[in-house]
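Novice: 3D, please:
(one chain, ligands or ions: 3)
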Amino acid sequence: MRALCWHGKGDIRCDNVPDPAIEDGRDAIVKVTSTAICGSDLHLMDGYIPTMEKGDVLGHEFMGEVVEVGRENKKLRVGDRVIVPFTICCGECEQCLAANWSLCERSNRNKEMAEKAYGYTTAGLFGYSHMTGGYAGGQAEFVRVPYADVAPMKVPDGLTDDQVLFLTDIFPTGWQAAVNCEIRPTDTIAIWGCGPVAQFCIRSCFMLGAKRVIAIDRVAERLAMAKAAGADTIDFSKENVLERIWELTGDRGPDKVIDGVGMEAHGGGSIDAVVDKAKAAVMLATDRPHVLREAIMACRPGGIVSVPGVYGGMLDKIPFGAAFQKGLTFRMGQTHVKRYLDDLLGLIERGSIDPSFVITHRASLEEGPELYKTFRDKKDGCIKVVMKP
Ligand SMILES: NC(=O)c1ccc[n+]([C@@H]2O[C@H](COP(=O)([O-])OP(=O)(O)OC[C@H]3O[C@@H](n4cnc5c(N)ncnc54)[C@H](O)[C@@H]3O)[C@@H](O)[C@H]2O)c1
Ligand SMILES: [Zn+2]
Ligand SMILES: [Zn+2]
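Specialist: Ligands and ions are numbered 1, 2, ... in the order given. Below you'll find the model as predicted:
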């Protein structure tokens with residue numbers, strides 16, 4: 001079959017790879033009908049996530065048709081149309097029973113690698129390095145779905161792929177980031193980034209009742225999309241973010257802040273960001289946490305710092321004193337996708353949101369490598385790419 005494979009930093013290719021096969025009775029094989037490129041894939045492309053190997057199949061946002069089912073799988077049948085959450089979960093461990101689906105204790109086949117880096121293992125992920133299980137991803141014609149009797153969800157025929165595909169990741173991710181803010185009707189929420197994830201953060205904050213959202217980025221069409229959702233916007237390449245936030249909030253500051261950017265933040269020339277870049281380049285640091293620092297500084301005392309943006313390693317110069325003195329609460333993590341699926345599918349069915357608003361580019365798998373670059377470089381107005389294998 002054809003699949004998008006990682007071959008090193010900046011090197012993604014559409015290759016011939018062996019078809020996947022059932023390996024366990026609970027598995028299913030899904031023929032992929034739609035698959036998207038995520039900001040998290042860019043961290044792989046840019047070489048920020050360790051334990052990738054040449055030839056690894058990428059992709060964790062995908063859906064399709066079940067074409068084969070393992071013997072013990074009582075939930076799925078051949079012909080079912082399913083979305084597949086990016087976090088793989090067993091449904092039986094203590095974390096799964098607590099609905100902490102992204103913390104499944106059993107789905108990572110390479111537990112020792114995760115334990116070395118993080119003390120404990122977390123869930124296996126599709127197409128996301130060997131440290132999270134080394135599972136082949138869904139930017140491919142077919143994919144093997146382990147524990148397919150737990151997380152995958154059948155979708156109603158009346159809804160198109162474009163409407164439900166983002167239930168696999170970015171819609172629940174934006175929603176969880178907003179839920180983690182414990183939104184009250186008087187809240188102003190500041191959101192760093194206007195990428196696909198942040199776009200869902202913005203809309204989720206409003207759906208959950210926030211009074212006001214301030215969104216920060218420097219890419220014109222992404223800022224425009226944020227504005228269309230009702231956010232006030234700040235262009236960090238043109239304005240001083242903290243000063244502008246204080247101006248917009250009458251020096252009060254946002255009640256809650258969301259870091260929707262993660263480890264590859266740009267710094268708009270600020271000193272801390274220049275140092276981050278230099279350190280990351282010579283492997284003295286892993287992540288570039290400029291946004292996290294700014295969000296902590298901006299947050300009103302007693303507030304919440306919600307972090308859907310991905311971090312992977314040891315972060316430098318985090319103003320922990322400010323966080324401590326202001327009594328801030330931190331919430332973060334990979335998304336517990338399954339926890340939100342019923343609610344979010346309901347919102348789509350009732351027409352409260354049509355997630356396809358974020359799609360700007362459609363392509364074939366063959367065009368994938370080129371579109372990875374277009375998405376990374378924010379060329380051609382690219383906000384979200386969906387591929388049809
Ligand atoms: N927690 C999860 O489970 C989960 C799931 C999906 C994605 N993510 C993460 O969410 C993050 C965003 O994903 P995406 O798909 O939207 O990615 P993206 O790369 O398309 O968007 C990131 C945006 O941040 C902007 N940005 C960079 N520096 C900034 C700064 N200093 N201030 C404000 N904005 C800045 C960029 O211009 C870009 O528009 C990534 O880190 C991704 O890995 C997390
Ligand atoms: Zn993703
Ligand atoms: Zn589990």
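Novice: Skipping its backbone neighbours, what lies nearest Trp192 in space?
Specialist: Spatially, and ignoring its direct neighbours in sequence, Trp192 is nearest to Val291 (4.5 Å; CB to CB, 6 or more residues apart in numbering). Placement of C-beta: from N, CA and C, glycine included.
Novice: how about the one you found, what does it touch?
Specialist: 192-193, 259, 261-262, 265, 309 (CB atoms under 8 Å, 6 or more residues apart in numbering).
Novice: pLDDT averaged over the one helix or strand it maps to - what is it?
Specialist: Assessed by DSSP states H and E, Val291 sits inside helix 290-298. What helix 290-298 shows for mean pLDDT is 97.
Novice: Using CSV, write down the CA coordinates of that helix.
Specialist: As requested, the backbone C-alpha atoms of helix 290-298 are provided in CSV (Å, rounded to 0.1, in the frame of the first residue of the first chain):
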residue,chain,number,x,y,z
HIS,A,290,8.4,31.3,24.7
VAL,A,291,4.6,31.1,24.6
LEU,A,292,4.3,29.3,27.8
ARG,A,293,6.4,31.9,29.6
GLU,A,294,4.3,34.7,28.1
ALA,A,295,1.0,33.0,29.0
ILE,A,296,2.2,32.5,32.6
MET,A,297,3.1,36.2,32.8
ALA,A,298,-0.2,37.4,31.2
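Novice: does it come close to ligand 1?
Specialist: Yes. Using CB under 6 Å from any ligand atom, helix 290-298 comes into contact with ligand 1 via 290-291.
Novice: gap between that helix and the chain center?
Specialist: Mean-position distance between helix 290-298 and its chain equals 19 Å (CA atoms, centre = their mean, to the nearest Å).
Novice: residues from the stretch 201-350 of the chain in reach of ligand 1?
Specialist: 216-219, 222, 236, 260-262, 265-266, 290-291, 308-310, 334-335.
Novice: how much space is there between the residue lying closest to Glu221 once chain neighbours are set aside and ligand 3?
Specialist: In space, not counting the residues next to it along the chain, Glu221 is nearest to Gly381; the distance is 4.9 Å by CB to CB, 6+ apart. For Gly381, the distance to ligand 3 (CB to the ion, to the nearest Å) stands at 40 Å.
Novice: helix or strand for Gly381, which one?
Specialist: Per DSSP H and E, there is no helix or strand for Gly381.
Novice: now do Ala215
Specialist: Going by DSSP H and E, Ala215 is part of strand 212-217.
Novice: now the helix or strand just after that strand: how far from the chain's centre is it?
Specialist: Heading C-terminal from strand 212-217, the first helix or strand you meet, by DSSP H and E, is helix 220-228. Computed by CA atoms, centre = their mean, the chain-centroid distance of helix 220-228 equals 19 Å.
Novice: do stretch 290-309 as well
Specialist: 18 Å.
Novice: Next, see if that stretch gets close to ligand 2.
Specialist: No. On the criterion CB under 5 Å from the ion, stretch 290-309 is out of touch with ligand 2, staying 10.1 Å away.
Novice: and the residue in the stretch 201-350 of the chain that ligand 1 sits nearest to, how many neighbours does it have?
Specialist: Distances between the stretch 201-350 of the chain and ligand 1 by CB to the nearest ligand atom are smallest at Gly262, namely 2.5 Å. Residues lying near Gly262 (other CB atoms under 10 Å) number 26.
Novice: same question, Asp162
Specialist: Neighbours of Asp162 (other CB under 10 Å): 17.
Novice: Doesn't it lie inside a helix?
Specialist: Yes. Assessed with DSSP: H, G, I helix; E, B strand; the rest coil, Asp162 lies in a helix.
Novice: who touches the lowest-mean-pLDDT helix or strand in the chain?
Specialist: Using mean pLDDT, DSSP states H and E, helix 271-281 stands out as the lowest-scoring helix or strand of the chain, at a mean of 83. Helix 271-281 is contacted from outside by 265-267, 285-290, 293, 316-317, using CB under 8 Å, 6+ apart.
Novice: change it to 6 Å
Specialist: 267, 285, 288, 290 (CB atoms under 6 Å, 6 or more residues apart in numbering).
Novice: Could you list which of those residues belong to helices?
Specialist: Among the contacts of helix 271-281, the ones falling in helices (DSSP state H) are His290.
Novice: Mind picking the two most distant members of the contacts of helix 271-281?
Specialist: Using CB to CB, the contacts of helix 271-281 span at most 13.3 Å, a distance reached by Gly267 and Ala285.
Novice: Next up, the contacts around the most centrally placed residue in the chain.
Specialist: In the chain, the centroid-proximal residue (CA atoms, centre = their mean) is Ile170; its distance is 5.3 Å. Applying CB under 6 Å, 6+ apart, we find Ile170 in contact with 196-197, 200.
Novice: pLDDT score for it?
Specialist: 98.
Novice: Check Asn73 too.
Specialist: On the pLDDT scale, Asn73 gets 97.
Novice: Near ligand 2, which residues of this structure are found?
Specialist: So far as CB under 5 Å from the ion goes, the chain lies against ligand 2 at 38, 40, 169.
Novice: which one among the residues you listed gets closest to ligand 1?
Specialist: Ser40 (3.4 Å).
Novice: Which residue, neighbours along the chain excluded, lies closest to the closest one?
Specialist: Val310 (5.7 Å).
Novice: where does the one you found land in three-state SS?
Specialist: Applying three-state DSSP: Val310 is coil.
Novice: what about it, neighbour count?
Specialist: Val310 has 23 nearby residues by other CB under 10 Å.
Novice: Got phi/psi on it?
Specialist: phi -80, psi 130 (degrees, to the nearest 10).
Novice: how much space is there between it and Pro254?
Specialist: 22 Å (CB to CB, to the nearest Å).
Novice: Wasn't Glu72 part of a strand?
Specialist: No. Under three-state DSSP, Glu72 sits outside any strand and is assigned coil.
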